[in-house]
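S.K.: Sequence and predicted structure are below.
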Amino acid sequence: MTEFIRKAEKVWEEFKDYVPTYDEVCEILEKEVVNIEDAAKLLNVEDKNSILLMASKAKKLTRENFGKVILLYAPLYISNYCQNGCVYCGFSCRKNYKREKLEFNEIENELRAMKEEGIDSVIILTGEDRIHSPVDYIEQACKIAANYMSEVSIEVYPLLEEEYRSLASAGVVGITIYQETYQKEDYKKLHPFGPKKDFEFRFKAVERALSAGFHEACVGPLLGLSHPKKDVLCTLLHAEYLLDRFPKAEISVSFPRVRSAGTDFVPKFSVSDKEFIKFLIVARLYLPRVGIVISTREDARLRDALIDVCITKMSAGSKTTVGGYVAQEEEKDAQFEVEDRRSVAEVVDSIIKKGLRPEFTNWVRGVGSL
Ligand code: SF4
């Protein structure tokens, strides 16, 4: 499976200094299929006119494959206990602040508050701690969530296949798991201790979940932790690999950028807005039928611009603290700072103003299976 990481590395080495001319960009965009070598070249484009041309093709592909629908979801942090020492994270066990875990009645209260805002698709999140947030706790939380929401996904620590199977039976349909970086040497330094040190176990989690009956998976890096263009290429090939292996599954990609979270971590690479936009456009050009997700880590202006080009799913009204929906707390003790603080209604309003259609779920439980 790690074959595609080697392939991305090889392609990048070959094309890292290749900046295509405007005419070459036109030629690539006229092709029926943009291959990975083309994608590597397009990642190097700097010229504004070329980027505008790429954006226009990306928009066309998005509308052809996804219509005008923008799916909305919100994250629900149920526990911030974590045994890992990820050097970039606000929930790292190196951080000295109050750990919290929601009781089941508090989870219900959070879900009610989210539902009142209009949310119908939730991602349940925990840190990585099998003692404070064991699988049966996550499973029960998901069962409760399934009573309130049409769509329940998880973004929790990597599990065994049989554990994913239990969660699928509890009503979970999707998994989001970021590899953080596909560059193994950097991964080692960024995850000095804790279960997350195991690159391979994390890497194979999506496959275990899809084999266990999950229907949706979202993968990606945390941009800035390692070489961003190499991580983008790896993500494109990872998504393609998953599509080949699980043709009935709905695969999506996301490219969150590292944000401050009260740590003194300085990312190795910074990714400008211009680069970030280009990465998403290249993702759409290479993967016309794959969903592209953006979170509230990005600001309202950028998110609104990108839903017009390539985004198919976005979070709205997010709280990244444990118990944040009831308490209406902002970023105190959050995993990362939220940039787009608009309410769900405000996000819906701006989607409609763009002539697009906000949807709160694309999944109806009990209809069909893989
Ligand atoms: S990124 Fe996840 S696993 Fe790492 S410290 Fe933060 S919560 Fe824990």
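M.R.: Perfect, thanks for sending it. Numbers count the residues shown, from 1 in each chain.
S.K.: list the buried ones in the helix-or-strand element of the chain with minimal mean pLDDT?
M.R.: Across the helices and strands of the chain, mean pLDDT, DSSP states H and E gives its lowest value to helix 324-327, namely a mean of 92. Residues of helix 324-327 classed as buried by neighbour count (16 or more other C-beta atoms under 10 Å): G324, Y325. Bear in mind the C-beta positions are built from the backbone N, C-alpha and C, glycine included.
S.K.: List the buried residues for stretch 182-192?
M.R.: Using 16+ other C-beta under 10 Å as the test for burial, stretch 182-192 gives Y182, Q183, D186, Y187, L190, H191.
S.K.: What of stretch 231-251?
M.R.: Using 16+ other C-beta under 10 Å as the test for burial, stretch 231-251 gives 231-243, 246, 249-251.
S.K.: before we move on, what about stretch 76-88?
M.R.: In stretch 76-88, counting by 16+ other C-beta under 10 Å, buried: L76, Y77, I78, S79, N80, Y81, C82, Q83, N84, G85, C86, Y88.
S.K.: Contacts made by stretch 61-73 with the rest, please.
M.R.: Residues outside stretch 61-73 that contact it (C-beta atoms under 8 Å, 6 or more residues apart in numbering): 118-119, 121-123, 151, 153, 284-285, 288-289, 291, 307, 309-316, 344, 347-348, 351, 355-362.
S.K.: repeat that for 6 Å
M.R.: Here stretch 61-73 makes contact (C-beta atoms under 6 Å, 6 or more residues apart in numbering) with 121, 284, 288-289, 307, 310, 312-313, 315-316, 351, 356-360, 362.
S.K.: Are any of those buried, and if so which?
M.R.: 121, 284, 288, 307, 310, 312-313, 315-316, 351, 356, 358, 360, 362.
S.K.: CA atoms only for the least confident helix or strand of the chain - export them in PDB, please.
M.R.: Only the C-alpha atoms of helix 324-327 are listed here, as PDB (Å, rounded to 0.1, in the frame of the first residue of the first chain):
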ATOM      1  CA  GLY A 324     -18.700  23.900  23.400                       C
ATOM      2  CA  TYR A 325     -22.200  23.900  21.900                       C
ATOM      3  CA  VAL A 326     -24.100  24.100  25.100                       C
ATOM      4  CA  ALA A 327     -21.500  26.400  26.800                       C
END
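S.K.: Toward the C-terminus from that helix, list the very next helix or strand.
M.R.: helix 344-353 (DSSP states H and E).
S.K.: got the CA positions of that next one in CSV?
M.R.: C-alpha atoms of helix 344-353 as CSV (Å, rounded to 0.1, in the frame of the first residue of the first chain):
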residue,chain,number,x,y,z
VAL,A,344,-24.9,27.7,10.6
ALA,A,345,-27.7,30.1,9.4
GLU,A,346,-25.1,32.6,8.2
VAL,A,347,-23.2,29.9,6.3
VAL,A,348,-26.4,28.6,4.8
ASP,A,349,-27.2,32.2,3.7
SER,A,350,-23.9,32.7,1.9
ILE,A,351,-24.2,29.4,0.1
ILE,A,352,-27.6,30.3,-1.2
LYS,A,353,-26.4,33.8,-2.2
